[in-house]
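In: Attaching a predicted model along with its sequence, questions to come.
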2 protein chains.
Amino acid sequence: MKTRYKQTPVDEFELIERFFNRRVSTPGVVVGIGDDGAVLQPEPGLEQVQVIDMLVEGVHFPANSNAEDIGFRVVAVNLSDIAAMGARPRWMTLALSMPPKNDEWLAAFASGLFEAAGEFDVALVGGDTTGGDVVVATVHVTGEVEAGKALLRSGAEVGDTIFVTGTVGDAAAGLELLGRGERDSFLGNRFLRPRARIETGHQLVGRASAAIDVSDGLFGDLSKLLDASGVGGELDIDRVPMSDAIKARFDESSRTRLALNGGDDYELCFTARPDVVDGIADITAIGKITREPGLTCRQNGVVVEWDDGGYRHFQ
Amino acid sequence: MKTRYKQTPVDEFELIERFFNRRVSTPGVVVGIGDDGAVLQPEPGLEQVQVIDMLVEGVHFPANSNAEDIGFRVVAVNLSDIAAMGARPRWMTLALSMPPKNDEWLAAFASGLFEAAGEFDVALVGGDTTGGDVVVATVHVTGEVEAGKALLRSGAEVGDTIFVTGTVGDAAAGLELLGRGERDSFLGNRFLRPRARIETGHQLVGRASAAIDVSDGLFGDLSKLLDASGVGGELDIDRVPMSDAIKARFDESSRTRLALNGGDDYELCFTARPDVVDGIADITAIGKITREPGLTCRQNGVVVEWDDGGYRHFQ
């Protein structure tokens, strides 16, 4: 905690006690909320994965968004990074800056936060709350993974197959509909309530050669994985998995753009030898790793040029 | 990372690469900046202390403050919490939201950040940068401490002596002068460039019965320690250590108010048996722990009533 040079109506201590201090019996939490810091007992022999991610009102979500959704989402986006590393989430801390809010808002924010965390038994062990003109929510999550086994972006090898979990484009489609004042409950929830692929990430440990979560868009995130691995890739657009909901609401051109360039799906994109992924549910092979750097896209048998900014036929 | 519903001019990847990705050879950093998360190797047998603290433009510092000071201070306030737990800081992550800034601003912010971190060999292992209307900087620090030895607020016992490190009131005095457009370099720097008491905190492990850092003001922070310990205390105001600089600029009444109610000094207030602190430099005994709850203040031999809101003679 630190003094404010301007006094604000947010009483940190009272807030934490009332809305965020849920006593937990999570293993490894020696001292939780209430002291200068949390005291934690890492599991012997494991490595830690640490991630930090923030959501800013007016940037990542519109002003006056539902508080429960904000609370849920700021945890989920962090859990997705933990999933992409193949780790198990254990503890989190929260820094929350906001204008004066009523109890209803805070209770809703806390409810969403604990809902997302509770699914994976992640304990809130510390935090900082303060005033501010807009809502800025930052969450840090600590996970654990077997030593030397964390999934990195950098391990893809020529000949590996490229996979993606679930379907992509849904969150961006949902956001586009919300922007038009429409709401498709499936697509809207894919944006508002992303589910981190913790279980799949864990199953990929020791099997996938590289992984990344699809937060900025499949094309861009896969490109980052290829760059980090020093390889290239071929993406078969026709095989990119899309939901029935997106197919019902968007024509082929639009949904392809959403699937390749839309972010916020929080699926996992990973590479592996095809024979090592038996028994992993809800994954689709969408391409392969090649020697030549860069990402080549094919659609209906022809090479199409694609970039983050748009889409056009190459030949 | 996550998609912005509004595009902002801050290119996260480029920013991180240019300003924040300093390759480190810090022990325990298996994978640093550049993947979905950092991979870290905790020291076997130790417990971790985790803290998170943020600085908000317009709340914790005036708009257009010096970027180097902001970068320094957001690390220092976190390190102070680590010090108050008796831990050694090891790794940190950063979440930075800000309006479009020029390279000079970013270079200065990073310079201050790495200066504060470098003093204690703390590595920046991950982060998130994004747009926003004002600067909101959040830092999370992980420290390590011998298992079962973290300094808590809750261990003070009747008969213990109350100590404080250094001098108090300086930071609030410096801020008050800055607010008047004056600058005393010693007092101003006590606000802008706080030095966490990491070494003292470490020396107190196994000796102090309770500790807290003085971030919100000596009176308030000591009161929190007493409440957490379920005891009371007597504070001898005449013994509260004050700097020559504050004595030169503020009369007795003003400096006493600054010393007891002003925050941001980031000194440590702790309790211990008086005979166990031999050899610990720069500490002053300022009172003792009593059975009766609450904090009683004495000045010039008389009990004075004090609270966070003001100061008045009791009898």
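Out: Noted; the coordinates are in hand.
In: Output the below-cut-off pLDDT ranges for chain A.
Out: In the prediction, chain A carries residues with pLDDT under 70 at positions A:1-13, A:23-25, A:308-315.
In: pull the longest helix from it.
Out: Of all the segments assigned as helix in chain A under DSSP state H, the longest by residue count is helix A:67-84.
In: Beyond it, next helix or strand please.
Out: Stepping forward along the backbone from helix A:67-84, the first helix or strand reached (DSSP states H and E) is strand A:88-98.
In: what packs against that following strand?
Out: Here strand A:88-98 is seen to pack against strand A:38-40, helix A:67-84, helix A:103-118, strand A:123-131, strand A:136-146, helix A:198-204, strand B:46-56, strand B:136-146 when contacts are counted using 3 or more C-beta pairs under 8 Å, 6 or more residues apart in numbering or on different chains; DSSP states H and E. All C-beta spots, glycine's among them, are computed from the backbone N, C-alpha and C.
In: try it again with 6 Å
Out: strand A:123-131, strand A:136-146, strand B:46-56 (3 or more C-beta pairs under 6 Å, 6 or more residues apart in numbering or on different chains; DSSP states H and E).
In: Give the partner strands of the shortest one in its sheet and their orientations.
Out: Sheet pairing of strand A:123-131 (DSSP bridges) gives strand A:88-98 (parallel).
In: how far away is residue A:43 from residue B:266?
Out: Note on residue A:43: its distance to residue B:266, by C-beta to C-beta, to the nearest Å, is 32 Å.
In: Compare these two (neighbour count), which wins?
Out: For residue A:43 versus residue B:266, the count of surrounding residues by other C-beta atoms under 10 Å in any protein chain shown is larger for residue B:266: 27 against 14.
In: how about the more buried one, phi and psi?
Out: Note on residue B:266: backbone dihedrals following degrees, to the nearest 10 are phi 60, psi 30.
In: That one reaches residue B:193, doesn't it?
Out: No: between residue B:266 and residue B:193 there is no contact under C-beta atoms under 6 Å: 10.2 Å.
In: So which bits of the stretch 1-150 of chain A are right by chain B?
Out: Listed as neighbours of chain B in the stretch 1-150 of chain A under the rule C-beta under 6 Å from any C-beta of the partner chain: A:1-4, A:6, A:35-42, A:47-54, A:56, A:59, A:77, A:81, A:84-85, A:93, A:95, A:97, A:126, A:128, A:130-132, A:136, A:138, A:140, A:150.
In: From those residues, list the buried ones, please.
Out: For those, burial is judged from neighbour counts taken by 16 or more other C-beta atoms under 10 Å in any protein chain shown, and it is met by A:1-4, A:35-40, A:42, A:47-54, A:56, A:59, A:77, A:81, A:84-85, A:93, A:95, A:97, A:126, A:128, A:130-132, A:136, A:138, A:140, A:150.
In: hang on, the earlier thing: the helices and strands packed on strand A:88-98: which one's closest to residue B:202?
Out: The minimum distance between residue B:202 and these falls on strand B:46-56, with 11.7 Å, by C-beta to C-beta.
In: so what secondary structure elements neighbour that closest one?
Out: Going by 3+ C-beta pairs under 6 Å, 6+ apart, strand B:46-56 lies up against strand A:38-40, strand A:88-98, strand A:123-131, helix B:67-84, strand B:136-146.
In: before we move on, back to that, what sits up against the longest helix of chain A?
Out: Helix A:67-84 has contacts (C-beta atoms under 6 Å, 6 or more residues apart in numbering or on different chains) with A:49, A:51, A:53, A:55, A:89, A:105, A:108-109, A:111-113, A:115-117, A:137, A:139, A:141, A:143, A:192-194, A:196-198, A:201, A:211-213, A:266, A:268, B:2, B:36-37.
In: Give me the buried stretch members for it, please.
Out: Taking 16+ other C-beta under 10 Å as the neighbour-count basis, helix A:67-84 is seen to contain the buried residues A:67-84.
In: next one: stretch A:159-170
Out: Within stretch A:159-170, judged by 16+ other C-beta under 10 Å, the buried ones are A:160-170.
In: CA atoms of it as CSV?
Out: Output for stretch A:159-170, consisting of C-alpha atoms alone and laid out as CSV, is shown next (Å, rounded to 0.1, in the frame of the first residue of the first chain):
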residue,chain,number,x,y,z
GLY,A,159,7.3,-32.0,-40.1
ASP,A,160,5.3,-31.4,-37.0
THR,A,161,1.5,-31.0,-37.4
ILE,A,162,-0.1,-27.7,-36.4
PHE,A,163,-3.2,-28.1,-34.2
VAL,A,164,-5.8,-25.8,-32.6
THR,A,165,-8.2,-26.6,-29.8
GLY,A,166,-12.0,-26.0,-30.1
THR,A,167,-13.2,-23.4,-32.6
VAL,A,168,-11.7,-20.0,-33.4
GLY,A,169,-13.3,-16.6,-34.4
ASP,A,170,-16.2,-16.9,-32.0
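In: Would you pull up how far that stretch lies from the middle of the chain?
Out: If you compare the mean C-alpha spot of stretch A:159-170 with that of the full chain, they lie 15 Å apart, counting by C-alpha atoms, centre = their mean, to the nearest Å.
In: and what of stretch A:140-159?
Out: Distance of stretch A:140-159 from the chain centroid (C-alpha atoms, centre = their mean) equals 15 Å.
In: What lies in contact with it?
Out: For stretch A:140-159, contacts defined as C-beta under 6 Å, 6+ apart pick out A:43, A:46-52, A:78, A:82, A:85-93, A:204-205, A:208-212, A:225, A:228-229, A:231, A:271, A:289, A:291, B:35, B:39, B:52, B:140.
In: end to end, how far does it reach?
Out: Counting by C-alpha to C-alpha, to the nearest Å, you get 36 Å between the two ends of stretch A:140-159.
In: Tell me the buried residues in it?
Out: Along stretch A:140-159, these residues count as buried under the neighbour rule (16+ other C-beta under 10 Å): A:140-145, A:150-156.
In: Helices of the stretch 151-300 of chain A, start to end?
Out: Taking DSSP state H, counting those that start in this stretch as the criterion, the stretch 151-300 of chain A carries its helices at A:170-179, A:185-192, A:198-204, A:218-229, A:244-249, A:252-261.
In: Redo the ones you listed as CSV? Include distance to residue B:235.
Out: Conversion of these to CSV gives the following (distance: least, C-beta to C-beta, whole Å):
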stretch, distance to residue B:235
helix A:170-179, 55
helix A:185-192, 51
helix A:198-204, 49
helix A:218-229, 56
helix A:244-249, 64
helix A:252-261, 62
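In: residues near whichever residue of the stretch 151-300 of chain A sits closest to chain B, how many?
Out: For the stretch 151-300 of chain A, the residue positioned closest to chain B under C-beta to the nearest C-beta is residue A:263, at a distance of 2.9 Å. Residues contacting residue A:263 under the criterion other C-beta under 10 Å number 24.
In: same thing with the one 10 residues further on?
Out: Here the number of neighbours of residue A:273 (other C-beta under 10 Å) works out to 13.
In: Could you pull up phi and psi at it?
Out: Torsion angles, degrees, to the nearest 10, at residue A:273: phi -60, psi 140.
In: That one and residue B:136, how far apart?
Out: With distances taken as C-beta to C-beta, residue A:273 is found 44 Å from residue B:136.
In: just residue A:204 next, same as before
Out: Note on residue A:204: its distance to residue B:136, by C-beta to C-beta, is 34 Å.
In: go on, residue A:55?
Out: Here residue A:55 is placed at a distance of 11 Å from residue B:136 (C-beta to C-beta).
In: domain assignment for chain A?
Out: Structural domains of chain A, as assigned by automatic domain parsing, span the residue ranges A:12-146, A:161-313.
In: most tightly surrounded among the ones you listed?
Out: Taking mean count of other C-beta atoms under 10 Å in any protein chain shown as the contact definition, the stretch among the domains of chain A with the greatest mean neighbour count is domain A:12-146, which reaches a mean of 22.
In: from the chain's centre, how far out does it sit?
Out: The answer for domain A:12-146 is 14 Å, by C-alpha atoms, centre = their mean.
In: likewise stretch A:207-219?
Out: The chain centre lies 11 Å from the centre of stretch A:207-219; the measure is C-alpha atoms, centre = their mean.
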